[in-house]
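Q: My questions concern the predicted model and sequence given below.
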Amino acid sequence: MKHLSILLAGFFCLLFPQIHAQKTISGIVTNEREELLIGATVFWKNTQKGTVTDTAGRFTIEAQPQAATLVVSYIGYTPAEVEVLPGENNIWIEVSGISQLKEVVVSERGFDTHVSTLDARNIESISSKELRKAPCCNLSESFQTNGAIDVTYPNALTGVKEIQLLGLRGIYSQFMVENRPTMTGIATPFAFEYIPGTWLSGIALAKGASTVKNGNVGITGQINADLVKPLTDKPLFVNAFGSSEGRGELNVHLNRKLNDQTSNGLYVHGSFVENRWDMNDDNFKDSPDRQQLNAMYRLQYDGPAGCAQINVQALTDRRQSGQLSAFVPDQTLFEIDQNNDRVEVWGKYGKEQLFGHRFLELGNMGSYSWHRSRSQFGTNAYQAEQRSVYWQTLLQTIIGTTDHALVVAPSVQLDDIKEQVNDLNLDRRDLVPGMMAEYTYSRSSLAMEIPRFVLVLGGRIDWHSRFGWQATPRVSAKYNFTENSVLRLSGGRGFRSPNVMAENISLLASNRTPVFNAPNGGNAPGVEEAWNYGVNYTQNFKIAGRSASASVDAYRTDFVKQVLVDVDADYSKIYFYSSENQSFSNSVLLSFQYNLLRGLDVKLAAKWNDVRATFADGQLKTLPLVARYRGLVSIDYVTPNKKWSFNTYTQIIGRQRLPDNSQVPHYLTHDFPSPTPVFALVNAQATRHLNKKWELYAGCENIGGYQQHHTIMDYTRPDSPYFNGSQVWAPMMRQVGYIGVRFSPKGL
Amino acid sequence: MKFFFLINMFLISLFSQNSADNAMTMTTKFKVYGNCGMCEKRIEKAAKIEGVISADWDKETHMISVVFDEKRVKPSQIHAAIAAVGHDTDKVRADDSVYASLHECCQYDRAKQ
């Protein structure tokens, strides 16, 4: 009997797990590196039956009687769906990072620019594919096919282009390269021209009050450029480009893997523009001659000790422009000569699972830059030199569960600027230590595969050596009504210390005298401070089985303090002064994308900007050279065999106000009507994908040939008080044709 | 009595070994790019590396279901084995030259890199 009971007990031991296994199934959840994920949500699709993974990354869930789909989601990862058949009782499920999702979206014919429904912030991602639709020789040109950012026209004298976001100048947004603030201070006017187009792997454009991780500037948004990396870029890539403007460019990328963990890359860009075009017979060159040599070296390590990288960028840029010949004999020629040199070194070090804590991550980044600008604008001399140091240490963790994430980051920024305009000395030294914290609430929804509600509360405290303590609170939230419709709200403060002369350097292309106070005296330029509030609604849907996406953005910026550039008060002066009177910008953008036929995408965008400020005369005036209405129509077609692609885009630019020219003699203002007429610009490009290694492209900018005939006021007399080359409201170049080639022996 | 006890222990150890084995047998599913029946044979053969118990690829859905021993092999090794014969998986991309050498009917549409 005793024997039997032992035997029976043994059988029970055997039977029990068997019974148990029939009722439930189990499994583990990992990321793409096969690291176990704790707290991942696992549930049966279209049910409320769910669970989360335990500390070993394992889960157990009630089995379904027939085939059913398991959905697994984890913050920061793309949710995975797995079909489970009866009999399968132990499943390995992998979720992959969001960055991976983007690549998949691109290859499956997603739109080349898209707004993610995952992020709490209104971030428009511009893929490298979108960037190839226009010649895109540098970052400033890459925004031409984008409805959110407007690019102004370069003036003939300095060739400086500017961007506008939410109707306000680019200086009110923050520019970053791989989440690191760069090209600040005296480098601001050239920032976008010093990142060559082929170096870009994508751009993320965050509109409105965004994260405070990287500082308190960025009132209207953040532009983050992602660069190519040694590990993922092609071993050899060559791009050559030539245009009828006398422009030539050559880009070469060389990447090499040193061992399993380390890789390095060298990226060289050379460009020049050389012509003696004077199409409007004003004796001034239509565009500056330019020579730029720009090189970057990257060394990256990714291994058991963490991720580290060290990068160096060095560039030199020369521009010459001005009069080709004088109208009056013996007159000295008006010439512009701009020289910029820059060296920047930056590094990063990051480690996940710090001190063995699974959810503790550390990131460090530091940079040092030196920039020198030596320029002559006719009789105006501008000399500047800047040394900057930036350091940030970032810690990321969770509070209890992965529903609550926290980031804290102390940082320090030092700018030592020496700046001289003629006899005026503008030297300054700013030291800004600061501390930020950001809390994210994000709960995975059982009914949906992405978190339905996400809330981000962030803030930072900085101490500015000239302006004292500054607090920057910001909040953003999103709510998904369904997987395809999302509403976002954001609001927050921004603060910046302006670099008045550097940011308005193109105004030196005139005989106006810069004055650093208001026409009625006082109010020297100080800090700028503003609040921004915004709402975005994005809806993805299908029309006749083809994907479409529509979105509405509405943003308002309210300045508390602003440095106004007054070009209306006196024709012979430019006043820069601080104002605490009403100044605001309202910007509404409607955009629609539709995949009309196989391979044919259509994008429409319409924008309304209302940007006004109260100037020293007490009047609330619309800012000059900001178009109230703008439109964009872009049509892209790829042939079914993918051998050809065609891209066209048309910009419609509404009326703009010019600076007040009533004090200027009438005969000089013929080409400066205010308001300016409405006009359209058409650009087209064709690309031939010859084979895996070669790609040829050719296109034409400004096909309609619309131009502002004269862009320099009183061009016959460069010594006249009315001489002014800064009132450019349309391109002065008519049709510009270009061709280019891309080559990579290992496949593009 | 001792005899029974030993038999029992033997049985328990035998079965518990088995049930532990069952617990270690895992199923994973992922996408493998391919077109035809020829691809199916090549993919399934390639997937059956040491530690893989069975592999079944569906040419309609492009999904492969692999049953494997968690202690002996990891999914990434299975991905790599399949990519080595020219078929991209959702995680590992096959070498261009191996892809190019595939039979014409197996030249599936590839995502651009």
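A: Cool, got the structure.
Q: what sits against the residue positioned nearest the centre of chain B?
A: Geometric centre of chain B, nearest residue: B:Val66, 3.8 Å, by C-alpha atoms, centre = their mean. Applying C-beta atoms under 8 Å, 6 or more residues apart in numbering or on different chains to B:Val66 gives the contacts B:Thr27, B:Thr28, B:Lys29, B:Ala47, B:Val52, B:Ser54, B:Ala55, B:Asp56, B:Pro75, B:Ile78. Bear in mind the C-beta positions are built from the backbone N, C-alpha and C, glycine included.
Q: Top of those residues by number of neighbours, please.
A: The most neighbours of any of these, using other C-beta atoms under 10 Å in any protein chain shown, belong to B:Ile78, which has 26 neighbours.
Q: Any regions of chain A where pLDDT drops low?
A: Within chain A, the ranges that satisfy pLDDT under 70 run A:1-22, A:97-119, A:134-136, A:358, A:402, A:444-450.
Q: check which helix or strand covers the residue most central in space within it.
A: What sits nearest the mean C-alpha location of chain A, by C-alpha atoms, centre = their mean, is A:Ile223, with 2.5 Å. Of the helices and strands defined by DSSP states H and E, A:Ile223 is found in strand A:221-227.
Q: Partner strands of that strand and their direction?
A: Sheet pairing of strand A:221-227 (DSSP bridges) gives strand A:173-177 (parallel), strand A:200-207 (antiparallel).
Q: Just give the number of residues close to residue 91.
A: Went with chain A since none was named. Counted with other C-beta under 10 Å, A:Ile91 comes out at 21.
Q: actually chain B
A: Around B:Lys91 there are 18 residues (other C-beta under 10 Å).
Q: Specify the local secondary structure of the nearest residue to it once chain neighbours are set aside.
A: What sits nearest to B:Lys91 in space, not counting adjacent residues and going by C-beta to C-beta, 6 or more residues apart in numbering or on different chains, is B:His79, at 4.8 Å. Using DSSP: H, G, I helix; E, B strand; the rest coil, the structure places B:His79 in helix.
Q: Contact partners for B:His79?
A: Here B:His79 is in contact with B:Phe30, B:Thr89, B:Lys91, B:Val92 (C-beta under 8 Å, 6+ apart).
Q: ok, it to A:Phe453 distance?
A: 35 Å (C-beta to C-beta, to the nearest Å).
Q: List the residues that contact A:Gln708.
A: A:Gln708 touches A:Tyr153, A:Asp671, A:Val728, A:Trp729, A:Ala730, A:Pro731, A:Met732, counting by C-beta under 8 Å, 6+ apart.
Q: Pull the contacting residues for the residue of the stretch 551-700 of chain A found nearest chain B.
A: Minimum separation of the stretch 551-700 of chain A from chain B (C-beta to the nearest C-beta) falls at A:Lys692, amounting to 7.2 Å. With contacts defined as C-beta under 8 Å, 6+ apart, the neighbours of A:Lys692 are A:Gly747, A:Leu748, B:Asp96.
Q: what's the closest of those to A:Gly459?
A: A:Leu748 (44.4 Å; C-beta to C-beta).
Q: which SS state does the closest one fall under?
A: coil.
Q: any idea which element the residue nearest to the centre of chain B lies in?
A: Judged by DSSP H and E, B:Val66 forms part of strand B:63-69.
Q: Sheet partners, orientation included, of that strand?
A: Here, using DSSP bridges, strand B:63-69 pairs with strand B:25-31 (antiparallel), strand B:52-57 (antiparallel).
Q: can you put those in TSV and add mean pLDDT and distance to A:Val638?
A: What follows is these, written out as TSV (pLDDT from 0 to 100; distance: least, C-beta to C-beta, whole Å):
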stretch	mean pLDDT	distance to A:Val638
strand B:25-31	90	23
strand B:52-57	90	30
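Q: Would you mind saying which of the ones you listed lies nearest A:Ser96?
A: With C-beta to C-beta as the criterion, A:Ser96 lies closest to strand B:25-31 of the strands paired with strand B:63-69, at 10.5 Å.
Q: Would you mark the buried spots in the strand holding B:Val66?
A: B:Met63, B:Ile64, B:Ser65, B:Val66, B:Phe68 (16 or more other C-beta atoms under 10 Å in any protein chain shown).
Q: Stretch A:317-336 now?
A: For stretch A:317-336, the neighbour count (16+ other C-beta under 10 Å) marks A:Asp317, A:Arg318, A:Arg319, A:Gln320, A:Ser321, A:Gly322, A:Gln323, A:Phe334, A:Ile336 as buried.
Q: residue contacts, the third one?
A: If I follow you right, that is A:Arg319. Counting by C-beta under 8 Å, 6+ apart, A:Arg319 has contacts A:Thr158, A:Gly159, A:Pro288, A:Asp289, A:Arg290, A:Ile336, A:Asp337, A:Gln338, A:Asn339.
Q: I'd like to know which of these is nearest to chain B.
A: Closest to chain B, out of all of the contacts of A:Arg319 and judged by C-beta to the nearest C-beta, is A:Arg290, at 32.8 Å.
Q: Quickly list what the closest one is bridged to.
A: A:Val273, A:Arg319.
Q: List the residues that contact it.
A: So A:Arg290 contacts A:Gly159, A:Ser271, A:Phe272, A:Val273, A:Asp317, A:Arg318, A:Arg319 (C-beta under 8 Å, 6+ apart).
Q: CSV for those residues, including distance to A:Asp430?
A: CSV is the format used below for the contacts of A:Arg290 (distance: C-beta to C-beta, whole Å):
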residue, distance to A:Asp430
A:Gly159, 29
A:Ser271, 32
A:Phe272, 35
A:Val273, 35
A:Asp317, 25
A:Arg318, 29
A:Arg319, 28
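Q: Having no further points to raise, I will conclude here.
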